[in-house]
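Student: next comes the sequence, and after it the predicted model I'd like to discuss.
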Amino acid sequence: MYKTAAETANDLNMPLHQIVRYIHDGRIRAVHDGESYLINSAQFDTYHEQLERIKEEIEIWKSTPIPPDIDIKDED
């Protein structure tokens, strides 16, 4: 499915000027139809999968308790 640069920026939570810069740099593949850039949204499937995996790993990291330090001694 093709989306405009503005729709893609909204989907990726990025500013429009950054999407346009990535298009000019060749980091995002796009087709220019004379008026605007059309971007195939399938090229971001891997990005979304990695983003979800990273969010899950962060949640796991946050919920993991800190192990007690074996070097701490109670000397009262």
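Tutor: The structure has been received and is ready for your questions.
Student: and the lengthiest helix in the chain, what's buried?
Tutor: Ranked by number of residues, the top helix in the chain under DSSP state H is helix 45-63. By 16 or more other CB atoms under 10 Å, helix 45-63 has no buried positions at all. To be clear about C-beta, it is placed using only N, CA and C from the backbone, and glycine gets the same treatment.
Student: and the contacts of it?
Tutor: Leu12 (CB atoms under 8 Å, 6 or more residues apart in numbering).
Student: gap between that helix and the chain center?
Tutor: Remark: helix 45-63 is offset 10 Å from the chain centroid, using CA atoms, centre = their mean, to the nearest Å.
Student: now do stretch 19-26
Tutor: With CA atoms, centre = their mean, you get 16 Å for stretch 19-26.
Student: relative to Val31, how far out is the residue nearest in space to the middle of the chain?
Tutor: Nearest to the centroid of the C-alpha atoms of the chain, with distances taken as CA atoms, centre = their mean, sits Leu51, at 5.0 Å. With distances taken as CB to CB, to the nearest Å, Leu51 is found 25 Å from Val31.
Student: pLDDT weak spots in this structure?
Tutor: Regions of the chain meeting the criterion pLDDT under 70 cover residues 72-76.
Student: what segments of it are helices?
Tutor: Using DSSP H, helices in the chain cover 5-12, 16-25, 45-63.
Student: quick one: closest of these to Tyr37.
Tutor: Among those, the nearest to Tyr37 by CB to CB is helix 5-12 (4.6 Å).
Student: ok, Ser41 - contacts?
Tutor: Met1, Tyr2, Lys3, Thr8, Asp11.
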